[in-house]
Structures are given as structure tokens and as C-alpha cells.
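In: make a model of this:
(2 chains)
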Amino acid sequence: MAKRWTCVEAGCSWTVVTPDSQSAVLAAQEHIAGVHGSFELEEMIEDVLEDVDDDSMIDSTTPHA
Amino acid sequence: MAVSDPDITSRFHFSREMIAGPVYRKYEKAIRKMWSVEDIDFSQDALDWERITPEQRTGLLGVTVRFLAGEQAVTDELVPMLAAAHRLRRFDWTMFLSTFLMEEAKHAEFFMRWHERVVGVLDPEEVAQHFLVRGKTVDPTGRFTVRDVMYEALPDYGGRLMEATHSGTDADVERAFVQFSAAYNAFVEGVLTMPSYEIVIDTTERWHAFPALNKGFRLILSDEGRHITFGTMACRILIEKDPSYEQCVHEVFDAYRGNIVGLVEYQKAVPDLDLDKYQNMKVRHYRNRCREMGIAPDETLIDQILDPSIDFVVGVEAG
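Out: Residues are numbered from 1 along each chain as shown, chains lettered A, B, ... in the order given. Below is the predicted model:
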């Protein structure tokens, strides 16, 4: 199963779908640092990842979108 | 296989299901990620302390001394959670909480050593002189009041949890656990303090100084990520068991609403920081904690945090 993470910063709903948890953590941390100038802790990303179909990765956006 | 005596069986707590579970995984990670204050070199921070201005010293020390007190408080206040985990027969929670308690003690040790080796203060009378005492909160609308979460809410909810652990039903313990964890892990650690950590990290990077303080905060944050998500995970498990517990979380956040709606007090102590950044990240952390607990966030609270007309700063003055 692929993993989906959605940003919940005020005014942001950016979503990423990755093949595994580790990639989702890296993508989420890159997004939070690049777009919001902040950081997000590993556990806080891992614990809210959603399982989605692998096909969903086609619709994934880039970290800075 | 012979039928075992239930009294004997009850003496063993590990199971395949438990060691494959998320709380045990956090325990294993805590063991793998162990760090020591003794490995941190404070020498550059001591040199940086000598070169910053008196105003910068006052601002920085006001923040670090509050962390020194806060880490001691959360170390002291964790015992009710351990007692409740034992009472609820959740051995994986007890194992994780043993790392949690040790790490909070270590965080207090880190701040003790930083103040001793960088600033030259350690004894209670020395550090207390630099404690930022909260003045009266100035909310022009009079809608919000700021209460003392650390020294009022945690002992209060902790006391209720201990009482339930000693003489309540399992449901009483679970309900009190959700209240305590909502206050300790979700509110204090998970929302209120997160901008403060980032303010200190931002400050050290802006000043190109205090590498040990920066490193210590990052190490502490990595521990806090496990602590916070343990608490919210425990709440989620208990709320899934009895959805009426969700209301306990909202009641805790509502009781201390003013503390979150107001601007971060350290922005007064460390000037020139971006106010909006820390309000926005409070919203992110609040939504995240609710997502972890599997509950709906209070949208009114979010609107109030982001409302630019609600811009009072929790009053602080040098003690």
C-alpha cells in the first residue's frame, strides 16, 4: 500500500502520496521546511499517514507545489 | 500443551500482538535513539554568552530558565500516567512511559548543565532571579483569560488520575487518563510548547550562536515527538473504546483556550520574530493532535488563533 500525507498548516492542504513511510516523512519534512519555514517531527508524520492504493501515486504532487 | 494456571499466566505481559504494536515500536525507538547530555560540548556556547548584548542575554535567559523549570515540572508530573498504565494492565504503555520519564529527567539535566556551564548559574536562588513571571494578560476584549497550565492544570488532572487509579473503575481511570493526556501531551507538549522550541532554534540560527543549545533542543524535540504521539495514540485507543471520552479532550482545550489564542510570550522576550509563523504553526499542531487522536478539531478555536484582531500577548516581565 502507498502512503498519503496531507499538510494541515493554516491555509494549506498539500498532499503527497509515496510508496512507503520513509519517503512520506522526507517529502513532508521537505514541504514544511520549504513552504512553511518550519519543521515537522518524524512521529507526527508517521502516525497520521493514510494507506492508499498504489495507483494514487500518479496523482501525487511535488513537495513545493 | 497443558492448561496453564491463570494466576501464573497473569504474571507475564509480553505477547506477539503487543510487541508488534505501535506503542512497543515507540519504546524500541526510544532505546535506539538514546543520547547523553555528557556528549554535548558547551564550550562554544560559553564563548557566545560572553559576546552577546545584555538585552540578548536577558531575552534568551528568560526563555531557557522557563524551560529549565518546565522540564522539571513535567518530570515530576508524569507518575500518575505510569500508575494508570499499570492499573489498566497495559504493559507496553508502562515500558514506553519508563523511557518517557527518563527522557524528561534528561531534558531537565540538559538545561541544568547549559545554565551551569554557559551562564554560571545552577542553584534555585540563582536561576529563579531570571524566571519570567507572567504578568496580567492584556486581552482588550476581555474574552480570554490565561491560566497556568503547567502548575495548575497538570497537578489538577494528575491528581484526578491518581484518585481514579486508586479507587475508581477502569472507565474512571480511562476517562481521567484522556483528560490528563489531553492536557499534558496534546495541549502543553503538543501545541503550546512547540512554537517555543522553534523560537529558540530560530534565535540561535539568526544569531549564528549557541550550537549546544540548538543541538540540545533538536535532540529534545526528537524525544518529544514520541512522547506527544504516545499520548495522542493512547487517547485515540481509549476514545475508540468509548467515544464519549472525546468530549474530555475538548473540555481541557476549552478550559485553557486563552493560553493558545494569545500570542507566544517568548516573542516579547526575543524580538524581531515573525508573529504569524508561530500562530500558523499552532494551528497545524492543534489539527495534527486532533488527527492523531481521531477527533474533529474545534474550528472556533482555530478561527480565534488566526484572527488578527485577537492579538494580545501573554504578559511577561522579568522576575
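
In: which strand or helix spans the closest residue to chain A within the stretch 101-250 of chain B?
Out: For the stretch 101-250 of chain B, the nearest residue to chain A under the criterion Cβ to the nearest Cβ is B:Gly225, separated by 3.4 Å. C-betas here are computed from N, CA, C, even on glycine. Remark: B:Gly225 resides in helix B:211-241, with elements defined by DSSP states H and E.

In: can you list the residues of the stretch 101-250 of chain B near chain A?
Out: Along the stretch 101-250 of chain B, the residues adjacent to chain A under the rule Cβ under 8 Å from any Cβ of the partner chain are B:Glu198, B:Leu221, B:Ser222, B:Glu224, B:Gly225, B:Arg226, B:Ile228, B:Thr229, B:Thr232, B:Met233.

In: OK, contacts around the last one?
Out: Meaning B:Met233. Contacts for B:Met233 (Cβ atoms under 8 Å, 6 or more residues apart in numbering or on different chains) come out as A:Asp47, B:Pro22, B:Val23, B:Glu292.

In: what bits of chain A have low per-residue confidence?
Out: A:58-65 (pLDDT under 70).

In: count the residues that sit near A:Glu50.
Out: The tally of other residues near A:Glu50 (other Cβ atoms under 10 Å in any protein chain shown) stands at 14.

In: next one: the closest residue in space to it that isn't next to it in sequence from A:Gly11, what distance?
Out: Spatially, and ignoring its direct neighbours in sequence, A:Glu50 is nearest to A:Arg4 (4.6 Å; Cβ to Cβ, 6 or more residues apart in numbering or on different chains). According to Cβ to Cβ, to the nearest Å, A:Arg4 and A:Gly11 sit 20 Å apart.

In: ok, those two, which is more surrounded?
Out: Under the neighbour definition other Cβ under 10 Å, A:Arg4 and A:Gly11 were set side by side, and A:Arg4 has more, 20 against 9.

In: ramachandran angles for the more buried one?
Out: Summarising the backbone geometry of A:Arg4 under the convention degrees, to the nearest 10, its torsions are phi -120, psi 130.

In: so it touches A:Ser56, yeah?
Out: Yes. In this structure, A:Arg4 sits in contact with A:Ser56. The criterion is Cβ atoms under 8 Å, and the distance is 6.6 Å.

In: what touches both of these two?
Out: Where contact means Cβ under 8 Å, 6+ apart, the residues bridging A:Arg4 and A:Ser56 through contact with each are A:Val17.

In: secondary structure class for the residue nearest to A:Thr18 when sequence neighbours are not counted?
Out: In space, and not counting its chain neighbours, A:Thr18 is closest to A:Ala24: 4.4 Å by Cβ to Cβ, 6+ apart. The three-state assignment at A:Ala24 reads helix, by DSSP: H, G, I helix; E, B strand; the rest coil.

In: return the residues in contact with A:Thr6.
Out: In this structure, A:Thr6 makes contact with A:Ser13, A:Trp14, A:Thr15, A:Glu50, judged by Cβ under 8 Å, 6+ apart.

In: next: B:Arg143.
Out: B:Ile310.

In: tell me the pLDDT at it?
Out: According to the prediction, B:Arg143 has pLDDT 81.

In: dihedrals phi and psi, the residue in chain A positioned nearest to chain B?
Out: Across chain A, the shortest distance to chain B (Cβ to the nearest Cβ) belongs to A:Leu41, at 3.4 Å. Dihedral pair for A:Leu41: phi -80, psi 150, per degrees, to the nearest 10.

In: isn't it up against B:Gly225?
Out: Yes. In this structure A:Leu41 lies within contact range of B:Gly225 using Cβ under 8 Å: 3.4 Å.

In: B:Asp170: neighbour count?
Out: Here the neighbour count serves as a burial measure; for B:Asp170 (other Cβ under 10 Å) it reads 11.

In: how about the contacts made by it?
Out: Under the criterion of Cβ under 8 Å, 6+ apart, the contact list for B:Asp170 reads B:Arg87, B:Leu88.

In: likewise the one 5 residues further on?
Out: When contacts are counted by Cβ under 8 Å, 6+ apart, B:Arg175 touches B:Ala164, B:Asp242, B:Tyr245, B:Cys248.

In: where does B:His130 land in three-state SS?
Out: Look at B:His130: counting by three-state DSSP, its state is coil.

In: that one and B:Val65 touch, don't they?
Out: Yes. Assessed by Cβ under 8 Å, B:His130 is found in contact with B:Val65 at 4.6 Å.

In: quick check: mean pLDDT of stretch B:105-125?
Out: For stretch B:105-125, the mean confidence score works out to 97.

In: which parts of it are buried?
Out: B:105-115, B:117-119, B:121 (16 or more other Cβ atoms under 10 Å in any protein chain shown).

In: and the contacts of that stretch?
Out: So stretch B:105-125 is in contact with B:35-37, B:40, B:42, B:45-46, B:49, B:61, B:64-65, B:67-68, B:71-72, B:75, B:127, B:129-130, B:210, B:212-213, B:216, B:219-220, B:223, going by Cβ under 8 Å, 6+ apart.

In: how about stretch B:63-74?
Out: By Cβ under 8 Å, 6+ apart, the list of residues contacting stretch B:63-74 from outside reads B:104, B:107-108, B:110-112, B:114-115, B:127, B:130-132, B:150-151, B:154, B:184, B:188-189, B:193, B:196, B:199-200, B:213, B:266, B:269-270.

In: please enumerate the strands of the stretch 51-200 of chain B.
Out: Shown for the stretch 51-200 of chain B, the strands assigned by DSSP state E, counting those that start in this stretch span residues B:132-134.

In: returning to what we had before: now, the contacts of B:Met233 that are in helices?
Out: Of the positions in the contacts of B:Met233, B:Pro22, B:Val23, B:Glu292 sit in helices, assigned by DSSP state H.

In: grab the nearest non-local neighbour of the last one.
Out: Once flanking residues are discounted, B:Glu292 sits nearest to B:Thr232: 3.7 Å by Cβ to Cβ, 6+ apart.
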